[in-house]
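> Could you work out the structure for the sequence below:
(chains A and B)
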Amino acid sequence: KAGVTQTPRYLIKTRGQQVTLSCSPISGHRSVSWYQQTPGQGLQFLFEYFSETQRNKGNFPGRFSGRQFSNSRSEMNVSTLELGDSALYLCASSLGQYQETQYFGPGTRLLVL
Amino acid sequence: KNQVEQSPQSLIILEGKNCTLQCNYTVSPFSNLRWYKQDTGRGPVSLTIMTFSENTKSNGRYTATLDADTKQSSLHITASQLSDSASYICVVSDSGTYKYIFGTGTRLKVLA
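Numbering: from 1, shown residues only, chains lettered A, B, ... in the order given. Presented below is the predicted three-dimensional model:
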């Protein structure tokens, strides 16, 4: 079974631009969660989607948004990029129940200049 | 405030030795506690998930313990290997909000 895939793997943007990241979950998984990882803050939860609905949300500003499609693929969008948005963005998929194992993708490394 | 603290921040051990990593949390109400291994430049990989009623769970050479009364968990690595060099992250889920609170991790280096 193919693992979680994320595209693109690397991205360079400038302040003020917007960016869209994509995540394809493991086949059959209905839940996709997004995380931001920085050296200073570590891993932080952004949001979780289940069956095309946002089920949970972390404490990030509204510039961070996401969606999930009927095939469970998910996209994350960050508008009006700031230097502090430079990070590794990880997505994880699971079947959908809260106690289950999450499988992480390799991440998208975003650099904002 | 819900927090997860891990210690030590970093650790260097010789191949073949055992080590124990600590995780203390203040998350309440508690849902589950997870340990992840993250190799440099890669996504985390789940090692164990424990709920309130479980106090030990093993995954090969990795054994996690949980004391829900004292809100402490540990990850014990037996007979370490060079491939164990990674960051180990403790994550606690809040059963009220189902949000995940991450520790900042312990960076382990295993030397030959």
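
> can we go C-alpha only for contacts and neighbour counts from here?
Will do.

> List, one by one, the residues from chain A near chain B.
A:41-45, A:56-58, A:90, A:98-107 (CA under 8 Å from any CA of the partner chain).

> Looking at those residues, which are in strands?
Of the positions in the residues of chain A next to chain B, A:Gly42, A:Leu43, A:Gln44, A:Phe45, A:Asn56, A:Lys57, A:Leu90, A:Tyr103, A:Phe104 sit in strands, assigned by DSSP state E.

> Quick one: buried ones out of these?
The neighbour-count test (16 or more other CA atoms under 10 Å in any protein chain shown) marks A:Gly42, A:Leu43, A:Gln44, A:Phe45, A:Asn56, A:Lys57, A:Leu90, A:Tyr103, A:Phe104 as buried among these.

> excluding its backbone neighbours, what's nearest the last one?
Read it as A:Phe104. Once its chain neighbours are removed from consideration, A:Phe104 has its nearest residue in A:Ala92; the separation is 4.1 Å (CA to CA, 6 or more residues apart in numbering or on different chains).

> So what sits opposite A:Leu21 in the bridge?
Residues found in beta-bridge contact with A:Leu21 (criterion: DSSP bridges) are A:Met76.

> count of neighbours near it?
A total of 21 residues lie near A:Leu21 under the criterion other CA atoms under 10 Å in any protein chain shown.

> How about stretch A:17-36, which residues are buried there?
A:19, A:21-27, A:29-36.

> Would you mind extracting the C-alpha trace of that stretch into PDB?
Provided in PDB are the C-alpha atoms of stretch A:17-36 (Å, rounded to 0.1, in the frame of the first residue of the first chain):
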ATOM      1  CA  GLN A  17       2.300  35.500  -1.500                       C
ATOM      2  CA  GLN A  18       0.000  32.600  -0.900                       C
ATOM      3  CA  VAL A  19       0.700  28.900  -1.100                       C
ATOM      4  CA  THR A  20      -1.200  25.700  -1.500                       C
ATOM      5  CA  LEU A  21       0.100  22.300  -0.300                       C
ATOM      6  CA  SER A  22      -1.300  19.000  -1.200                       C
ATOM      7  CA  CYS A  23      -1.600  15.700   0.700                       C
ATOM      8  CA  SER A  24      -2.800  12.300  -0.600                       C
ATOM      9  CA  PRO A  25      -3.700   9.900   2.200                       C
ATOM     10  CA  ILE A  26      -3.200   6.200   2.300                       C
ATOM     11  CA  SER A  27      -5.900   4.500   0.300                       C
ATOM     12  CA  GLY A  28      -9.000   3.900   2.500                       C
ATOM     13  CA  HIS A  29      -8.000   6.500   5.100                       C
ATOM     14  CA  ARG A  30     -10.700   9.200   5.600                       C
ATOM     15  CA  SER A  31      -9.000  11.500   8.100                       C
ATOM     16  CA  VAL A  32      -6.200  13.900   7.200                       C
ATOM     17  CA  SER A  33      -4.500  16.100   9.700                       C
ATOM     18  CA  TRP A  34      -2.000  18.900   9.100                       C
ATOM     19  CA  TYR A  35       0.900  20.000  11.300                       C
ATOM     20  CA  GLN A  36       3.500  22.700  11.300                       C
END
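
> for it, what is the average pLDDT?
Here the mean pLDDT over stretch A:17-36 is 96, rounded to a whole number.

> distance between it and the chain's centre?
Relative to its chain's centre, stretch A:17-36 lies at 5 Å (CA atoms, centre = their mean, to the nearest Å).
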